[in-house]
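*Asks:* Would you be able to build a 3D model of this:
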Amino acid sequence: MFGWLRKNGRKPSSVSDTERQRLADMAKQLGEDLAADLDEFMRLRFEPVLDRYLDVLRGCLQAAVAAKETPPIWTARVDYESFTENVAELKHKVASEVIAHMAEWLAMANEMGVRAVTDELLAQRIDDYITRLYLSGGELMLRYGDALIDADKAWRLSNPELALGFPNND
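*Replies:* Numbers count the residues shown, from 1 in each chain. This is a model prediction of the structure:
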């Protein structure tokens, strides 16, 4: 009569509650399947990458403990800074690969009008992975802390003239 219940002059939707529930269940299942595919891809593709990055950092820290040319702590700091720069670059590579792998899911999300939510899920999973890599690298650095401190003290005692060029920032 007044038209205030209608949207754009159309009749109210005649979708039944049962049909709405079926559609909601389908959307929920679709979201779960998308998340499962993403998680499996991330695990298979990027867990080995995480392990390799940490292995490289571990090797650098072991070499820093044995450094002869520069103080071990300085060497370790440079290596850790390089690690964090490489992890920052990795984030873009991970995002590109994830988007390529999830292309069909993203197209479906576009069609269903849930692309923004899907993009948020992808971004969150990528951020979680990168954060875990940063934290694992930091934990590794801490595990080498005592050995680096001892090696640094020994290096400074053995190289007093060289040590002048590397202030000790205890």
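
*Asks:* Please make it C-alpha for all contacts and neighbour counts, starting now.
*Replies:* Noted.

*Asks:* Let me know the secondary structure of Leu135.
*Replies:* Put simply, Leu135 is helix when judged by DSSP: H, G, I helix; E, B strand; the rest coil.

*Asks:* Could you report the pLDDT at it?
*Replies:* You'll see Leu135 listed with a pLDDT of 98.

*Asks:* Offset the numbering so it begins at 44, please.
*Replies:* Got it, the first residue is 44 from now on, which makes the last one we talked about Leu178.

*Asks:* how about it, what does it touch?
*Replies:* Leu178 makes no contacts at all, as judged by Cα atoms under 8 Å, 6 or more residues apart in numbering.

*Asks:* give me the element the residue nearest to the spatial centre of the chain is part of.
*Replies:* The centre of the chain sits closest to Ile173, judged by Cα atoms, centre = their mean, with a distance of 1.8 Å. Secondary structure from DSSP states H and E places Ile173 in helix 158-186.

*Asks:* after that helix, next one along is what?
*Replies:* helix 188-201.

*Asks:* which of the residues in the helix holding Ile173 are buried?
*Replies:* By neighbour count on 16 or more other Cα atoms under 10 Å, the buried set for helix 158-186 is 158, 161, 164-165, 168-169, 172-173, 176-177, 179-180, 183-184.

*Asks:* Out of these, which comes closest to Met145?
*Replies:* Nearest to Met145 among the buried residues of helix 158-186 is Leu165, at 9.2 Å by Cα to Cα.

*Asks:* roughly how far apart are that closest one and Glu75?
*Replies:* With distances taken as Cα to Cα, to the nearest Å, Leu165 is found 13 Å from Glu75.

*Asks:* same deal with Arg199?
*Replies:* Distance check for Arg199 against Glu75: by Cα to Cα, it reads 57 Å.

*Asks:* Quick check: Thr127 touching Leu176?
*Replies:* No. Thr127 is beyond contact range of Leu176, at 9.2 Å (criterion: Cα atoms under 8 Å).
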